[in-house]
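S.K.: Provided below are the primary sequence and the corresponding predicted coordinates.
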Amino acid sequence: MTAATQDPLVVEAVFERVEDVRAVVEAVLESGVAASQVEVRSPAPLEEGELPLPKPKSRVLLFALAGAVLGGLTAFGLAAGTALAYPLPTGGMSIVAGPPVGVVTYEGTALGLILMTVLRVLWEGGLLPGRGIRSGRGRASDLDHHVANGRLLLRIHGLSEEQAGRLRDLSRASAVEVG
Amino acid sequence: MTAESQPSAAALDGQLLGRLDRRRPGLLVGSLASGALALVFIYCWGYQIANGIGVTGINRPVFWGFYIINFVFWIGISHAGTLISAILRVTKAEWRRPVTRSAEAITLFALAIGGLFPLIHLGRVAIFYYMIPYPNSRMLWPNFRSPLVWDIAAITTYIIGSALYLFLPLIPDAAVMRDRAAAGLKKRFYAVLALGWRGTAQQWHSLEWGIRILAVVIIPVAVSVHTIVSWDFAMTQTPGWKSTIFGPYFVVGAIFSGIAVLMIAMALLRRGLALERFLTDRVFNNLGLLFVTMSLVWGYFTFAEHLTVWYSGDLFEKNVHHVLLHGDFAVPFWTMVVVNLVIPVAVLSFPRGRRPLPTALVGCGVLVGMWLERFLIVVPALSTPRLAYSIGDYMPSWVELGIMIGAVGVFACLYFTFTQLLPIVSVWEMREGWRHAGSGGESGQPSEAAPTSAAASPVPGGGAA
């Protein structure tokens, strides 16, 4: 394990194993640090319950459905509106023909859903320009390369001097290496 | 593969990411060769733009020639990736992990090329925008009743969806590349792709939701794309085209040819990048089983299509049917049956046949067969019209041949370039796979001997066949 400090109010530690992170996070939470101050960066998604931290929330599905409705309505309006605006001779058949409007609406629905899903994922992950880097969360760290190499990075921010010192010692206690 | 022989995470990183750090002569040669072919494509298309569509062999009554054949062919190949990858993700097949990235890249590049062919076929490329729904100076919109406009809607949706479906799972790996790269142009390139990814719990959670939703949505979109392509034919009254099963027939053919390309690409990557530990025999065995299944389904549809035409007794339909089975097109027809049905079933039904080399060779044959299938759909029907005096022939010109061969070069060039720039096997999904396996997941490889750290992850789904 490698522990390092970039800032007096932030403690960062690199771990080899999820079990080590869990032990430190449990101790950190018991010491009175709020869960919202703890951030774990991992090279792959962790299973629910692997760490004693609240599960992140996501509204991707909701936005996806909204995107589907929006896309579907737009496509329907485009296809049906065009037929109404420029009626072609149909020999008595419907001006707004069901199958063509249905096909275009189907594709528009899917496109709206896809676009809104991706936008929401990027928004929630703080991956859109000008979004996400607030109060230390998601900020680049000198230790990020450890995550790239398959390790886990624990960041605890918003700490007082005393807390930071204590947590640094706590991290060192289970450290293989201390930086 | 025993647990002891499985590579650690360091080895995994080394094998996957290290490929990008050093140049592989094979990939470089491949890029150069395919780049040269891509130049042929550009030259021939430029020649056609300069001299007009008259330089092709397209003429009355065969107005659809190689360009439309290749359009259908490439759109079919595009079903390799996104559809197969999405189905494997939705069914949570653990062995998908080394396959998905490669498959999704094939989709994107094949779609991009397939989408070019209608533009090439237009001749006057500049008027393409007539098809796009926007009110022009005369306030006229495209006719949404035309299946060709449905094509635009479907292919646009599919190409955007496929690009994003490739891009989303690529973000964490781009971040890995960014954090491993030395400062410079490379690092900036990966930083742009990674969008500031750090691997936080919120990012992973949102990403997993996004991938899950896209995987579900992209399946009906992919099915709709090739169904709509089939309707370009089936919505007409042309003998040989007017068929109620063309939609599913095209979709099955698309998946079939898509798997063929995937097999070939994976066999080449396995050899060229020494990825034997990731693209294992088990992966080829499973894909081989899927492949032989699709071959049988394709055979069933082909039989059903021709049986009903033969039984109908319709004179014009039977004329087309006759030239296919016994006339001018009998040789390509029966070649198609042999390479698409007889050989795959004969080879892939046996475990020894489902190894990388045999599956790749069968895949090459199937590609030829599926191209012939599209040729046999387009040309015989047009050259055997209802009116006897308008019967005509079709012979492609060198421009059409050049564009067809060049398109293969463009595809290969894009694929080789992608492989050299980005991990062709998803690093984070492999790591995740090990975690599942370690906790008694599907592949169940390392349960006792495996360490639990993310930094020492054996390969998921890495068992032998």
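M.R.: Great, that's in hand. Just so it is clear, the model here is predicted, and its values are computed rather than measured.
S.K.: contacts and neighbour counts: CA atoms only from here.
M.R.: OK.
S.K.: Without its sequence neighbours, what residue ends up closest to the spatially most central residue of chain A?
M.R.: Note on chain A: the residue nearest the mean C-alpha position is residue A:125, at 3.2 Å, using C-alpha atoms, centre = their mean. Spatial nearest neighbour of residue A:125, chain neighbours left out: residue B:203 (4.4 Å); criterion: C-alpha to C-alpha, 6 or more residues apart in numbering or on different chains.
S.K.: Could I get the phi/psi values of that neighbour?
M.R.: Phi and psi for residue B:203, reported as degrees, to the nearest 10, are phi -60, psi -40.
S.K.: Same check on residue B:245?
M.R.: Torsion angles, degrees, to the nearest 10, at residue B:245: phi -100, psi 10.
S.K.: Tell me how far the closest residue in space to it that isn't next to it in sequence lies from residue B:244.
M.R.: Distances taken as C-alpha to C-alpha, 6+ apart put residue B:305 closest to residue B:245, at 7.3 Å, once the chain neighbours are dropped. Per C-alpha to C-alpha, to the nearest Å, residue B:305 is found 9 Å from residue B:244.
S.K.: Which segments of chain A make up each domain?
M.R.: With domains defined by automatic domain parsing, chain A comprises A:2-57+A:135-173, A:60-124.
S.K.: hmm, back to that, the more surrounded of residue B:305 and residue B:244?
M.R.: Between residue B:305 and residue B:244, residue B:305 has the larger neighbour count (other C-alpha atoms under 10 Å in any protein chain shown), namely 17 against 13.
S.K.: surely that one meets residue B:247?
M.R.: No - using C-alpha atoms under 8 Å, residue B:305 is not in contact with residue B:247; the gap is 11.6 Å.
S.K.: Next, see if stretch B:88-105 gets close to chain A.
M.R.: No - Stretch B:88-105 stays clear of chain A (C-alpha under 8 Å from any C-alpha of the partner chain), getting no nearer than 13.0 Å.
S.K.: and that stretch, which residues are buried?
M.R.: For stretch B:88-105, burial by neighbour count (16 or more other C-alpha atoms under 10 Å in any protein chain shown) applies to B:88-89, B:94-105.
S.K.: got it, and stretch B:51-70?
M.R.: Going by 16+ other C-alpha under 10 Å, stretch B:51-70 has these buried residues: B:53, B:55-58, B:61-70.
S.K.: Same check on stretch B:156-175?
M.R.: B:156-159, B:161-175.
S.K.: Can it be said to contact chain A?
M.R.: Yes - Stretch B:156-175 reaches chain A (C-alpha under 8 Å from any C-alpha) through B:157, B:160-161, B:164, B:168, B:175.
S.K.: List the contacts of residue B:416.
M.R.: B:27, B:30-31 (C-alpha atoms under 8 Å, 6 or more residues apart in numbering or on different chains).
S.K.: do the same with residue B:110
M.R.: Neighbour list for residue B:110: B:74-75, B:77-78, B:411 [criterion: C-alpha under 8 Å, 6+ apart].
S.K.: now, among those, which is nearest to chain A?
M.R.: Distance ranking of the contacts of residue B:110 against chain A, using C-alpha to the nearest C-alpha, places residue B:75 first at 16.5 Å.
S.K.: What strand or helix carries that closest one?
M.R.: Assigned by DSSP states H and E, residue B:75 belongs to helix B:66-77.
S.K.: now what about that helix, what contacts it?
M.R.: Counting by C-alpha under 8 Å, 6+ apart, B:106-107, B:110-111, B:113-118, B:120-121, B:226, B:229, B:250-251, B:253-255, B:257-259, B:261, B:370-371, B:374-375, B:378, B:396, B:400-401, B:404 sit against helix B:66-77.
S.K.: Sort out for me which of the residues you listed are in helices.
M.R.: B:106-107, B:110-111, B:113-118, B:120-121, B:226, B:229, B:250-251, B:253-255, B:257-259, B:261, B:370-371, B:374-375, B:378, B:400-401, B:404 (DSSP state H).
S.K.: Strands of chain A, residue ranges please.
M.R.: A:2-7, A:10-15, A:38-41, A:152-156 (DSSP state E).
S.K.: Chain B is nearest to which of these?
M.R.: Per C-alpha to the nearest C-alpha, nearest to chain B of these: strand A:38-41, 4.5 Å.
S.K.: What average pLDDT does that closest one get?
M.R.: Averaging pLDDT along strand A:38-41 gives 87.
S.K.: any residue of that strand up close to chain B?
M.R.: Yes - applying C-alpha under 8 Å from any C-alpha, one finds strand A:38-41 in contact with chain B at A:39-41.
S.K.: still on that earlier bit, among the buried residues of stretch B:51-70, list the two that are farthest apart in space.
M.R.: B:61 and B:70 (18.8 Å; C-alpha to C-alpha).
S.K.: how about TSV for the strands of chain A, with mean neighbour count and distance to residue A:86 added?
M.R.: Listed next are the strands of chain A as TSV, based on neighbours: other C-alpha atoms under 10 Å in any protein chain shown; distance: least, C-alpha to C-alpha, whole Å:
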stretch	mean neighbour count	distance to residue A:86
strand A:2-7	16	66
strand A:10-15	26	65
strand A:38-41	22	56
strand A:152-156	26	61
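S.K.: Can you pull out the low-pLDDT segments for the stretch 51-200 of chain B?
M.R.: B:135-140 (pLDDT under 70).
S.K.: what about the helices in it?
M.R.: B:66-77, B:81-90, B:100-122, B:147-180, B:185-194 (DSSP state H, counting those that start in this stretch).
S.K.: Just confirm residue A:170 contacts residue A:23, I think it does.
M.R.: No - Residue A:170 is not in contact with residue A:23 according to C-alpha under 8 Å; the separation is 10.2 Å.
S.K.: Tell me which residues touch residue A:59, please.
M.R.: residue A:120 are the contacts of residue A:59 under C-alpha under 8 Å, 6+ apart.
S.K.: Out of the contacts of residue B:416, list just those in strands.
M.R.: Short answer: the contacts of residue B:416 have none in strands (DSSP E).
S.K.: Would you format the residues you listed as JSON lines with pLDDT, neighbour count and distance to chain A included?
M.R.: Below are the contacts of residue B:416 laid out as JSON lines (pLDDT from 0 to 100; neighbours: other C-alpha atoms under 10 Å in any protein chain shown; distance: C-alpha to the nearest C-alpha, whole Å):
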{"residue": "B:27", "pLDDT": "76", "neighbour count": "18", "distance to chain A": "25"}
{"residue": "B:30", "pLDDT": "83", "neighbour count": "18", "distance to chain A": "29"}
{"residue": "B:31", "pLDDT": "84", "neighbour count": "21", "distance to chain A": "28"}
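S.K.: How many residues are close by residue B:326?
M.R.: Neighbours around residue B:326, by other C-alpha under 10 Å: 12.
S.K.: For it, grab phi and psi.
M.R.: phi -130, psi -10.
S.K.: what's the distance between it and chain A?
M.R.: The spacing between residue B:326 and chain A, counted by C-alpha to the nearest C-alpha, to the nearest Å, is 38 Å.
S.K.: Done for today, thanks.
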